[in-house]
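Q: need coordinates for the following:
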Amino acid sequence: MHKKFRIRFGFSCSDNRKSKTCPELCRRIENLKWGGIFAIALTFAFGGVAAHAQQRPKVARIGILRVDGSTSPAAMEAINDLKRGLRNLGYVEGQNINFEIRLAENKLERLPTLAAELVQLKLDAIVTGGPQATKATKEATNTIPIVMGRMDDVVEHGLVTSLARPGGNVTGLSFQTGELSGKWLDLLKEALPKLTRVAALWDTTGTAGQLRTVEAAARSMGLHLAVSKVAGLKDFDFVFDGIRKERMEGLIILASPVFTGQRERLAELAAKHNLPAIYYHEGFAQAGGLLAYGPKQSEFSWHRAAIFVDKILKGAKPADLPVEQPTKFDFIINLKTAKQIGVTIPPNVLARADRVIR
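A: Sure, this is the predicted structure:
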């Protein structure tokens, strides 16, 4: 009485083996099945590539701008120090960081053009050497972070609002020559007790604060001070001839990135004219200068600028990063030069030296 109904879901090629259309239909279904599998595989494959591309770390791009040139030991030393500092922080050149380097070859008029080139590259940060390079970069951009590799008197140069809170887009390392220049004269006088006439070599693009301090110190010590102004490299020979003609007995080289880049030449000229000189950077003593007093190079050089770059790459703002100042200073005496120019350094002064080059 009751009829049974059987409902079948799906389809099997065995349902109607005698049908002519069955094999063709089966083939179509099989093709659709494999096509779907292939599409899913492609989705996973390309999805994986896309995910890998998204996970690939960004390559940081850092600019470097300096006054000096590729033949300057100071330039190569600074750039290598920066790269070493960044390597220590996990940055490997060619993998997760690259550099764009511009050197003015001691031609200050080239700095604005070189700074503009770097700004157009839309870099993550620009590391600068000296106030001239920093000023040129700051005038070219107020958005790209600028890190001072090591320079003098950043506040007096008007590059930051204060050392504690720089404001703007500039931060980095700076030492205050106004506090050091009096010390340079003190040490020179102690090394040359009979000193009465002293010259100061001053780069006119540098700060006047260090000059004012050394002038005040000379007056208080009863010394005759003659200031020799330098506006370019071509002035060096002429200036040294004048210093010797005026019978100067000693020389202070005031801080300048132009002078730093020419430390071998300046040390050579001082020795040539038998002028006992004191410098602000230990590199001068290593190059043949008699005396050097300044921030300890191993703790206050471009490798420290790497820390600022790292913080900026991780999201910090230059305006909120206090300018770093040196806390340790080295006094270096080159006895080889002393012997060459006929100067005897008093034993009490030798005892105060952090390093003696023999």
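
Q: can you give me the helices in this structure?
A: 21-55, 73-88, 111-120, 131-140, 177-191, 209-221, 235-245, 257-261, 263-272, 282-286, 302-313, 335-341, 347-352 (DSSP state H).

Q: ranking these by burial, who's on top?
A: Most buried of the helices of the chain by mean neighbour count (mean count of other CB atoms under 10 Å) is helix 257-261; its value is a mean of 26. C-beta: built from backbone N, CA, C; applies to glycine.

Q: I'd like the distance from that one to the chain centre, please.
A: Per CA atoms, centre = their mean, to the nearest Å, the displacement of helix 257-261 from the mean C-alpha position of its chain is 14 Å.

Q: just the CA coordinates for it, please, in CSV.
A: The C-alpha coordinates for helix 257-261 follow below in CSV (Å, rounded to 0.1, in the frame of the first residue of the first chain):
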residue,chain,number,x,y,z
PRO,A,257,85.4,71.3,10.6
VAL,A,258,87.5,72.9,7.8
PHE,A,259,90.5,72.7,10.1
THR,A,260,89.7,69.1,11.2
GLY,A,261,89.7,68.0,7.5
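
Q: other SSEs contacting it?
A: With contacts taken as 3 or more CB pairs under 8 Å, 6 or more residues apart in numbering; DSSP states H and E, helix 257-261 sits against helix 73-88, helix 131-140, strand 197-203.

Q: can we see that at 7 Å?
A: On a contact count with 3 or more CB pairs under 7 Å, 6 or more residues apart in numbering; DSSP states H and E, helix 257-261 meets helix 73-88.

Q: which outside residues touch the helix it packs on?
A: Taking contacts as CB atoms under 7 Å, 6 or more residues apart in numbering, the residues outside helix 73-88 that touch it are 64, 66, 68-69, 93, 97, 101, 103, 127, 129, 149, 260-261, 263, 283, 301-307, 309.

Q: need the mean per-residue confidence for that helix.
A: Mean pLDDT, helix 73-88: 96.

Q: picking up where we left off before, redo the helices of the chain as a markdown table? Include distance to residue 321.
A: As requested, these are exported to a markdown table (distance: least, CB to CB, whole Å):
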| stretch | distance to residue 321 |
| --- | --- |
| helix 21-55 | 29 |
| helix 73-88 | 15 |
| helix 111-120 | 20 |
| helix 131-140 | 15 |
| helix 177-191 | 22 |
| helix 209-221 | 23 |
| helix 235-245 | 37 |
| helix 257-261 | 22 |
| helix 263-272 | 29 |
| helix 282-286 | 26 |
| helix 302-313 | 6 |
| helix 335-341 | 39 |
| helix 347-352 | 35 |
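
Q: where in this structure is pLDDT low?
A: Applying pLDDT under 70 to the chain picks out residues 1-57.

Q: switch to 50 and redo it
A: Low-confidence segments of the chain (pLDDT under 50): 1-21, 25, 29, 41-42, 44, 48-54.

Q: closest to the centroid, which residue in it?
A: residue 149 (3.3 Å; CA atoms, centre = their mean).

Q: how about the contacts made by that one?
A: 78, 82, 127-129, 172-173, 302, 305.

Q: contacts for stretch 306-324, please.
A: The contact list for stretch 306-324 (CB under 7 Å, 6+ apart) reads 60, 62, 82, 85-86, 89, 124-125, 127, 145-147, 154, 160, 163-164, 166-174, 304.

Q: CA atoms of it as CSV?
A: C-alpha atoms of stretch 306-324 as CSV (Å, rounded to 0.1, in the frame of the first residue of the first chain):
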residue,chain,number,x,y,z
ALA,A,306,74.4,56.0,15.3
ILE,A,307,72.4,55.9,18.5
PHE,A,308,70.4,59.0,17.5
VAL,A,309,69.8,57.5,14.0
ASP,A,310,68.6,54.2,15.5
LYS,A,311,66.2,56.1,17.8
ILE,A,312,64.8,58.1,14.9
LEU,A,313,64.3,55.0,12.8
LYS,A,314,62.3,53.6,15.6
GLY,A,315,60.0,56.6,15.7
ALA,A,316,61.7,59.2,18.0
LYS,A,317,61.5,62.8,17.1
PRO,A,318,64.7,64.9,16.9
ALA,A,319,63.0,67.7,18.9
ASP,A,320,62.7,65.4,21.9
LEU,A,321,66.2,64.0,21.8
PRO,A,322,68.6,66.1,24.0
VAL,A,323,71.9,67.1,22.3
GLU,A,324,74.7,64.9,23.7
